[in-house]
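Visitor: after the sequence you'll find the predicted model.
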Amino acid sequence: MNPTEPEIRADEEAVLADLARMLRTLLEEYGDDDAEIGMSTTFNRDLELESIDLVTLAGLLEERYGKRVNFAEFLAGMEFDEIIELTVGRLVEYVVWSLKATEAG
């Protein structure tokens, strides 16, 4: 591991903390960076993120996790109403699964 890169832990607590940090960066633009972010928080209803914000989030996820987490592919497998109801927890579970899958080889 590169000593300048922060350690990536494939557990829900660590991934939730990473995602919360990324989402606060996004929400800072709207002056709402103190929003409560937990596993049941929805991207659309609770955080009021637009589709362009999800594109930005995809970039932040890739910046943090590299090609191990493919957010676009994750969303592509969903129906529209699933995307609208997407929770932070569901994304956390996907990221943890992706990281563990790449660790396993």
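Guide: Great, that's in hand.
Visitor: list the contacts for the most centrally placed residue in the chain?
Guide: Geometric centre of the chain, nearest residue: Leu19, 4.7 Å, by CA atoms, centre = their mean. Contacts for Leu19 (CB atoms under 8 Å, 6 or more residues apart in numbering) come out as 37, 88, 91-92, 95. C-betas here are computed from N, CA, C, even on glycine.
Visitor: redo that, cut-off 10 Å
Guide: Leu19 makes contact with 37, 39, 41, 57, 60-61, 64, 88-89, 91-92, 95, according to CB atoms under 10 Å, 6 or more residues apart in numbering.
Visitor: and if you look at Ala14?
Guide: Shown in contact with Ala14 (CB under 10 Å, 6+ apart): 7-8, 92, 95-96, 99.
Visitor: so which of these is the most crowded?
Guide: With neighbours taken as other CB atoms under 10 Å, the top of these is Val95, carrying 25 neighbours.
Visitor: can you tell me the element it falls in?
Guide: helix 88-104 (DSSP states H and E).
Visitor: check Glu7 too.
Guide: Using DSSP H and E, Glu7 sits within no helix or strand.
Visitor: next one: Glu36
Guide: Short version, using DSSP H and E: Glu36 is in no helix or strand.
Visitor: quick one, what contacts it?
Guide: Per CB under 10 Å, 6+ apart, neighbours of Glu36: 20, 46-47.
Visitor: local confidence estimate at it?
Guide: For Glu36, the pLDDT comes out at 89.
Visitor: residues in contact with Leu61?
Guide: Contacts of Leu61 (CB under 10 Å, 6+ apart): 18-19, 22, 68-72, 74, 91, 94-95, 98.
Visitor: pretty sure Glu93 contacts Leu99?
Guide: No - counting by CB atoms under 10 Å, Glu93 stays clear of Leu99, with 11.0 Å between them.
Visitor: what touches both of these two?
Guide: Shared between the contact lists of Glu93 and Leu99 (criterion: CB under 10 Å, 6+ apart) are residues Val15.
Visitor: which residues touch Asn44?
Guide: With CB under 10 Å, 6+ apart, Asn44 has these contacts: 50-51, 53-54, 83-87.
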